[in-house]
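>>> predicted model and sequence below, questions to follow.
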Amino acid sequence: MGHQAANARTLRPTLARVRALAAFWLGGCLLLGGSLAAAAGSSAELAFSRHSKPVATRDIAWLRSAVPMRAVRVIDPYEEAEVEFEAFALDAVLDAVYGRSWREEEEVLFHCRDGYQPTVPVERILEHRAQLAFARRDRADFTLRKRESGVLKQIDLAPFYLVWENLDDTRLRAEGDYGWPYQLIALDLIRARDHFPKMAPDLSAPAVVQAGFAVFRVHCSRCHAINGEGGSVGPELNGPTPAAIHRDTAWLRRWIDDPGRVLPTARMERLNPALPERERAIDEVIRYLQAMASAKTEARDGN
């Protein structure tokens with residue numbers, strides 16, 4: 001016991017010094033704008049395509065050499081608080097990879113590690129300030145707190161997180177988490193009907209169905225697929241038994257309006273409450289789903 005006590009007395013100053021040095025080092029990393037996270041993600045890569053054809057794969061080192069880094073402060077829609085990131089301006093990154101020709105494209109499709117596949121119109125990127133974040137400035141780890149199914153979870157954002165400068169942009173804040181994909185690994189310049197031919201309704205379909213397709217593309221296809229095209233976070237909606245056949249209109253309306261009221265453990269979020277003409281948008285999505293289900297049934301029956 002005496003020998004152990006002597007060792008403990010000898011080690012105390014050393015341990016205290018180590019803790020102090022560790023605290024100083026970690027604090028320095030935070031003050032340097034999340035440089036620890038930036039260093040950890042220095043090998044992170046992002047693949048770029050145009051119309052599904054590979055163009056380039058770039059890492060953090062290349063981005064730093066081609067595009068100025070900057071600090072950007074936003075109101076994060078997941079944490080619902082101001083957060084500061086280290087980032088590259090998305091339009092500058094796209095200019096560096098594609099040249100300015102990307103500005104004539106229709107949409108940008110983002111691929112995430114978990115199967116999330118949102119699209120953002122090029123026009124939106126040109127009208128607002130989107131940033132490709134790779135580190136937080138307020139802490140070393142590149143994560144955020146996100147509520148899923150009523151539970152607050154710590155989410156890894158790496159390698160990249162698309163954020164929007166919304167402190168002075170009420171329109172962006174009203175749109176919630178639309179256009180804020182994390183765990184980004186690739187992006188593609190696309191034309192919607194060319195890239196998603198099986199998701200698109202027939203051109204002869206009524207205007208309400210076409211409108212529903214537009215709403216579905218923005219708010220639903222990032223998680224759900226139609227005929228195998230779209231995100232894979234949620235279930236396929238036009239599978240062997242299409243959702244619009246399995247469920248009636250009233251149930252679909254309740255589910256899209258607020259999944260948590262139908263199933264308390266539902267992971268799916270309700271359709272953005274701030275969406276203009278929200279009830280109309282829900283009806284349009286339902287009409288689209290019903291039209292796609294009918295088309296699938298007719299094709300299977302050979303009619």
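That came in fine, so what should we check first?

>>> mind listing residues that contact stretch 229-246?
With CB atoms under 8 Å, 6 or more residues apart in numbering as the test, stretch 229-246 has contacts from 114-118, 195-199, 220-228, 252, 267-268, 286, 289-290, 292-293, 296-297. Where C-beta positions appear, they are placed from N, C-alpha and C, glycine not excepted.

>>> any of those buried? List them.
Taking 16 or more other CB atoms under 10 Å as the criterion, what is buried in these is 116-118, 195-196, 199, 220-227, 252, 268, 286, 289-290, 292-293, 296.

>>> pick out the residue closest to the middle of the chain.
For the chain, P181 is the residue whose C-alpha lies nearest the centre (CA atoms, centre = their mean; 1.3 Å).

>>> need the contact list for that residue.
P181 touches 110, 112, 116, 118, 161-162, 222, counting by CB under 8 Å, 6+ apart.

>>> how about P201?
Contacts of P201 were listed using CB under 8 Å, 6+ apart, and they are 209-210, 213, 288, 291-292, 295.

>>> which members of those are the farthest-apart pair?
The span of the contacts of P201, defined through CB to CB, is set by Q210 and A295 at 13.6 Å.

>>> pretty sure V209 contacts R287?
Yes: at 5.5 Å, V209 counts as touching R287 under the criterion of CB atoms under 8 Å.

>>> how far out from the middle of the chain is stretch 122-140?
Here the centre of stretch 122-140 is set off from its chain's centre by 12 Å, with CA atoms, centre = their mean, to the nearest Å.

>>> let's test this: mean pLDDT of it, rounded?
Averaged across stretch 122-140, pLDDT comes to 95.

>>> ends of that stretch, how far apart?
32 Å (CA to CA, to the nearest Å).

>>> can you list the buried residues in that stretch?
122, 124-125, 128-137, 140.

>>> so which of the residues you listed belong to strands?
130-136 (DSSP state E).

>>> adding distance to K146, write those residues out as TSV.
What follows is these, written out as TSV (distance: CB to CB, whole Å):
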residue	distance to K146
A130	20
Q131	19
L132	19
A133	15
F134	18
A135	18
R136	14
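
>>> and the host helix or strand of F88, what other elements does it pack with?
Using DSSP states H and E, F88 maps to strand 81-89. Contacts defined by 3 or more CB pairs under 8 Å, 6 or more residues apart in numbering; DSSP states H and E place strand 81-89 against strand 69-76, strand 130-136, strand 161-164.

>>> give me the residues contacting the last one.
Right, strand 161-164. Contacts for strand 161-164 (CB under 8 Å, 6+ apart): 72, 74, 76, 85, 87, 90, 110, 128-134, 142, 172, 179-184.

>>> could you do the second one as well?
Contacts of strand 130-136 from elsewhere in the structure, counted by CB under 8 Å, 6+ apart, are 33-35, 37-38, 41, 44, 46, 60, 63, 70, 72, 74, 83-91, 93, 120, 124, 142-144, 157-165, 179, 184.

>>> so it versus strand 81-89, what angle?
Relative orientation of strand 130-136 and strand 81-89, computed by axes from the mean of the first three to the mean of the last three CA atoms, to 10 degrees: 110 degrees.

>>> no further queries at this time; thank you.
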